[in-house]
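1. this is the structure alone, sequence omitted:
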């Protein structure tokens, strides 16, 4: 894998489309290849750190909220608040902690969100940002979509997911939302599911991530950094590898 220089990838899409799952698996894959990577989880309504791995796997507890509460977000502040994963030397994380919400800390603005992403970009070669779905009310996710070098835009094959994305796409028509850097992804495709319905909304999709029962079990268990070993996960693993390339 060639080093492309510092890269920021934002993962965004409809609720339940697998944003966090894909973001975690991408970060795990890169860390497994000895690439330094930061995984930033933006959701402040439903903090994702408690949902992706057992608390015992994390070295310490630092909150994204305390970083964004600073008047100025600096590299030293960001570095101090990164959380190390005990099993992956090349992986660090940042997000809200269990029990916190958007009102736990003082409100932040676009400037602080931009400073955070800039600091992360300078600190590590790879930054993967797990955005929340509701970008209108989430400053950090909105800034991430604008500042990222590439965006994965996920949608499930169900009607609700397609309807959601159709309602949000008009919000992304402004020139600040660079359409050329967005990769359309049909996510969690089950056997015999009509993924062509997704293409009617998205146009041609770049990646098709199949459903994996093993991944679903890891989501339910809150252990997304666990290895995938079953046969039904081969297609999922293959798409993750293609995305990283």
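-> Sure thing, it's come through. Given the structure is predicted, the values throughout are model-derived calculations rather than measurements. Numbering: from 1, shown residues only.

2. skipping adjacent residues, who's closest to residue 25 in space?
-> residue 240 (5.0 Å; Cβ to Cβ, 6 or more residues apart in numbering). From N, CA and C alone the C-beta is placed, and that goes for glycine too.

3. do I have it right that that neighbour meets residue 29?
-> Yes - taking Cβ atoms under 8 Å as the definition, residue 240 is a contact partner of residue 29 at 5.6 Å.

4. report the contact partners of the residue nearest the centre of the chain.
-> Central residue of the chain (Cα atoms, centre = their mean): residue 130, 2.1 Å from the mean position. Contact analysis of residue 130 by Cβ atoms under 8 Å, 6 or more residues apart in numbering lists 11, 19-20, 23-24, 39-43, 48, 95.

5. residues of stretch 117-133 that come out buried?
-> By neighbour count on 16 or more other Cβ atoms under 10 Å, the buried set for stretch 117-133 is 117, 119-121, 123-133.

6. chain center to that stretch, what's the gap?
-> 9 Å (Cα atoms, centre = their mean, to the nearest Å).

7. more crowded one of residue 240 and residue 29?
-> Taking neighbours as other Cβ atoms under 10 Å, residue 240 and residue 29 compare with residue 240 leading, 20 against 17.

8. dihedrals phi and psi, residue 130?
-> phi -90, psi 100 (degrees, to the nearest 10).

9. so what's it closest to, chain neighbours aside?
-> Spatial nearest neighbour of residue 130, excluding adjacent residues (Cβ to Cβ, 6+ apart): residue 23 at 3.9 Å.

10. for my notes, confirm the residue nearest to residue 25 occurs in a strand.
-> No - assessed with DSSP: H, G, I helix; E, B strand; the rest coil, residue 240 is helix; it does not lie in a strand.

11. all helices for this protein, in order.
-> 19-32, 49-52, 64-68, 75-81, 110-123, 139-147, 159-168, 196-202, 213-221, 234-244 (DSSP state H).

12. mean pLDDT lowest where, among these?
-> Lowest mean pLDDT within the helices of the chain: helix 196-202, at a mean of 63.

13. wait, residue 18 sits on residue 187?
-> Yes - with contacts counted by Cβ under 8 Å, residue 18 reaches residue 187, the gap being 4.6 Å.

14. so between these two, which is more surrounded?
-> Taking neighbours as other Cβ under 10 Å, residue 18 and residue 187 compare with residue 187 leading, 29 against 24.

15. who are the contact partners of residue 25?
-> Counting by Cβ under 8 Å, 6+ apart, residue 25 has contacts 215, 224, 236, 240.

16. I'd like those residues as TSV, with distance to residue 191 appended.
-> Shown next, in TSV, are those (distance: Cβ to Cβ, whole Å):
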residue	distance to residue 191
215	15
224	22
236	13
240	19
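
17. looking at the residues you listed, which is nearest residue 78?
-> Using Cβ to Cβ, residue 224 is the member of the contacts of residue 25 that sits closest to residue 78, with 23.2 Å.

18. separation between that closest one and residue 70?
-> The gap separating residue 224 from residue 70 is 29 Å, by Cβ to Cβ, to the nearest Å.

19. compare those two (neighbour count), which wins?
-> residue 224 (20 against 17).

20. ok so, going back, so can I have CSV of the contacts of residue 130 showing distance to residue 145 and neighbour count?
-> Shown next, in CSV, are the contacts of residue 130 (distance: Cβ to Cβ, whole Å; neighbours: other Cβ atoms under 10 Å):
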residue, distance to residue 145, neighbour count
11, 10, 30
19, 12, 28
20, 16, 22
23, 14, 27
24, 19, 26
39, 17, 30
40, 13, 25
41, 15, 25
42, 10, 28
43, 14, 24
48, 17, 23
95, 17, 24
